[in-house]
Structures are given as C-alpha cells and as structure tokens.
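# could you look at this predicted model? Sequence included:
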Amino acid sequence: MGFEQLREGLKGRSAKSLVLAWGVDAGVLQACRQALDHGFLADVIVTGPPEQVQKAAEEARVSLAGFTFHPASSPAEGAAEAVRLIREGRGHVLMKGHLNTSVILRAVVNKETGIRKEPLLSHITIVELPAKRLVLLTDAAMNIKPDLPQKAQILDNAIKFAYSLGMTNPKAAVLASVETVNPQMQDTLDAAALALMGARNQFSKPAIVDGPLAFDNAYSKEAAQQKGINSPVAGEADIFLVPEITAGNILYKSMVYVGGLSVAGVITGATCPIVLTSRADSAESKLNSIAVACLSLQAD
C-alpha cells in the first residue's frame, strides 16, 4: 500500500476533525483544504488571529468553507488553545501551523493542561518506498540521542502506530553502522538488547525485531544474503529504528531529496496524532501526513 491507496482507503470512512495551531501558513491551509475536499476531514478549527489566517488563505486562493476560528494573540497562546480543544474532545488530530515545534510541544507536554499519553513522544516519518510500500522511520526529528530505555519507548510507539495503519506483527530493523555486535559500539549493544526484548514479547504488541542491522542489510534481502546474514527482517522491514537524530535526519533527507520518495510526518505518544510538517515539505507531504493521521484513528 502506497499513499495513493491509503488516501483511497479513507473514502467512505468517518471524517475527522482537525485542530490547526496558529494556522497563518498558506501551505498548511492548502493541505487542510485538500483534506476537506477529499473527505478525510469533516472540519478544521484554526487558532490564531482570524484576519491573518484569512489573509494567508486569500494569498493561496484557499476557500475557508469548513474552517472555524478560535482567536489567539501569540503562537504560544495558539498552541495552548489548540491543545485545550483536543483535550476537551473538540478535535481528533492536532496539526502544527506557522510556529516553532518547541512551542507546540511545550503545550502538548504541559503536566497540568497537556495531552501527553506515553512517557516519551517520538516522531515517525512514513516513507513510500519505490515498491509502493509504506514503512516507518523513527526518530529522525525529535529525540536527539536516546539511551536504551528511550529507544525501547520510541520503538514501542512505532509498533503501536504500525498496528494502527494495519501492519500486523510488524518487522522492525534496529539500525547501526554494522550488523555485528561490537562491545565498543553502544548502538550495536542497544540493538541486540531490543531484538531480545522483541523475542520475549516485551513491547505493547507483537513484533519481529532484529538488530543490529546496517541499512543495506535491513533494506535489501540480497545484501543481507551476500554478507551471510539470516534475518527475518532483512528486505521486509516495516519499521527502521535509527540510533540517533543525526543518522535519522540524514537518512530521511537523502530519501526525500536524492531518492525523491514521498513522505509524511506524525508525532506519536500523545492522546491524538500530531501532524508536524516543515515549511519546506511539499503540499503532497502535508496532505499525506493528514491522511496518515486520520487512518491511524480508524483503528480506535
């Protein structure tokens, strides 16, 4: 299943409500308009100065039919208001508008008024491979240098998200620079521990976890066979867990800018999926991100 099939699969299903935090961004408004027109969304609630939102919509020639406004005077207020609306059940999906990621995350993890559900939030990039198959890459955007307990939570978040997309018993590749355990390389030790945790059913849902695997062995069954690696995950990984943010970010951007692959981005670990895109992301990527978030809720 690729993104086109994913979007087609949403037709006829219950449309969701999206809350857009500080929605003064033309590109994000355009993606929300497309999601409304496709029937993924029933309505969009936008926080921010209504006149600025309307100006951004006019510049992008976006109809605001189906949008409602909740005024806010600053990005921090817009983020807090958006999170409040989610907490009160007014929306199913939260989306970042034209504000810094740190601002919206502060509102999400606020101990008194936030919507954090898991001990750790993590970012998942959904990638459409050339074979028109969707895989998850995590965490390339949020957690900087996770230790073993944090990697276990990041992987657990990804496994649960994979199930919400219909990936039963997903296969997870724990990436490192080599495919052998080296006591001098902590990433390989962590990978081996996570693989054993998977074998002993220590994650929230069943998954096949293997590592350490270098990316070529995780991505290509032939590459693994050439190196004599017998792995149930090689060439069939649904989840790629990176060792830290730098490796993940480089891999993600290589897939997009060199490989030309289509992607979507969602933060998991809160009470709802959080759509987080960059202004540099394509319109298609923003629409795909909304579609993925909506699909993940269909299993609830």
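Perfect, thanks for sending it.
# quick one: the strands in this protein?
All strands of the chain, identified by DSSP state E, fall at 16-21, 41-47, 67-70, 93-96, 122-128, 134-138, 171-175, 208-213, 239-241, 263-268, 274-275.
# how far does stretch 106-118 sit from its chain's centre?
18 Å (Cα atoms, centre = their mean, to the nearest Å).
# thinking again about what came up before, so can I have a markdown table of the strands of the chain showing mean pLDDT, mean neighbour count and distance to residue 298?
Yep, even glycine has a C-beta here, placed from its N, CA and C like the rest. What follows is the strands of the chain, written out as a markdown table (pLDDT from 0 to 100; neighbours: other Cβ atoms under 10 Å; distance: least, Cβ to Cβ, whole Å):
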| stretch | mean pLDDT | mean neighbour count | distance to residue 298 |
| --- | --- | --- | --- |
| strand 16-21 | 97 | 26 | 9 |
| strand 41-47 | 96 | 23 | 13 |
| strand 67-70 | 96 | 18 | 23 |
| strand 93-96 | 97 | 27 | 12 |
| strand 122-128 | 97 | 25 | 15 |
| strand 134-138 | 97 | 24 | 15 |
| strand 171-175 | 98 | 27 | 22 |
| strand 208-213 | 97 | 25 | 24 |
| strand 239-241 | 98 | 27 | 20 |
| strand 263-268 | 96 | 25 | 14 |
| strand 274-275 | 96 | 28 | 16 |
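# what residue of this protein is the furthest out?
residue 228 (33.1 Å; Cα atoms, centre = their mean).
# pLDDT at that residue, what is it?
For residue 228, the model assigns a pLDDT of 93.
# can you tell me which residues contact residue 127?
Residue 127 makes contact with 134-137, 252, 255, 261-263 under the criterion Cβ atoms under 8 Å, 6 or more residues apart in numbering.
# list the buried ones in stretch 47-55?
47-50, 53-54 (16 or more other Cβ atoms under 10 Å).
# contact partners for the residue nearest to residue 161 when sequence neighbours are not counted?
In space, and not counting its chain neighbours, residue 161 is closest to residue 268: 5.1 Å by Cβ to Cβ, 6 or more residues apart in numbering. Each residue near residue 268 by Cβ under 8 Å, 6+ apart is listed here: 118, 121-124, 157-158, 160-161, 274.
# quick check: the residue farthest from the centre of the chain vs residue 180, distance?
Noted for residue 228: a distance of 11 Å to residue 180, by Cβ to Cβ, to the nearest Å.
# circling back: any chance of the strands of the chain in TSV, plus distance to residue 221?
Output for the strands of the chain, formatted as TSV (distance: least, Cβ to Cβ, whole Å):
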stretch	distance to residue 221
strand 16-21	37
strand 41-47	39
strand 67-70	47
strand 93-96	36
strand 122-128	18
strand 134-138	14
strand 171-175	12
strand 208-213	12
strand 239-241	15
strand 263-268	23
strand 274-275	33
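# and of the ones you listed, who's closest to residue 146?
strand 122-128 (8.6 Å; Cβ to Cβ).
# what's the angle from the closest one to strand 263-268?
With axes from the mean of the first three to the mean of the last three Cα atoms, to 10 degrees defining the directions, strand 122-128 sits at 150 degrees from strand 263-268.
# list the beta-bridge partners for the residue nearest in space to the middle of the chain.
The chain has residue 266 as the residue nearest its centroid, 2.4 Å off, counting by Cα atoms, centre = their mean. For residue 266, the beta-bridge partners are residue 124, residue 275 (DSSP bridges).
# with residue 41 instead?
residue 16.
# hang on, the earlier thing: what about the strands of the chain, which gets the closest to residue 291?
Of all these, strand 263-268 sits nearest to residue 291, with 7.3 Å by Cβ to Cβ.
# just the C-alphas of that closest one, formatted as PDB.
Taking C-alpha atoms only, strand 263-268 is exported to PDB below (Å, rounded to 0.1, in the frame of the first residue of the first chain):
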ATOM      1  CA  VAL A 263       6.900  11.000   2.900                       C
ATOM      2  CA  ALA A 264       4.600  12.100   5.800                       C
ATOM      3  CA  GLY A 265       5.300  13.100   9.400                       C
ATOM      4  CA  VAL A 266       3.500  12.400  12.600                       C
ATOM      5  CA  ILE A 267       4.300  12.700  16.300                       C
ATOM      6  CA  THR A 268       3.100   9.800  18.500                       C
END
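# quick one: least confident helix or strand in this protein?
helix 3-9 (a mean of 90; mean pLDDT, DSSP states H and E).
# what's it in contact with?
Contacts of helix 3-9 (Cβ under 8 Å, 6+ apart): 1, 38, 40, 128, 132, 134, 262, 264, 284, 287-288, 291-292, 295.
# could the contacts of residue 268 be laid out in a markdown table, adding distance to residue 93?
Supplementary listing: the contacts of residue 268 in a markdown table, determined by distance: Cβ to Cβ, whole Å:
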| residue | distance to residue 93 |
| --- | --- |
| 118 | 17 |
| 121 | 15 |
| 122 | 17 |
| 123 | 15 |
| 124 | 14 |
| 157 | 17 |
| 158 | 18 |
| 160 | 17 |
| 161 | 14 |
| 274 | 8 |
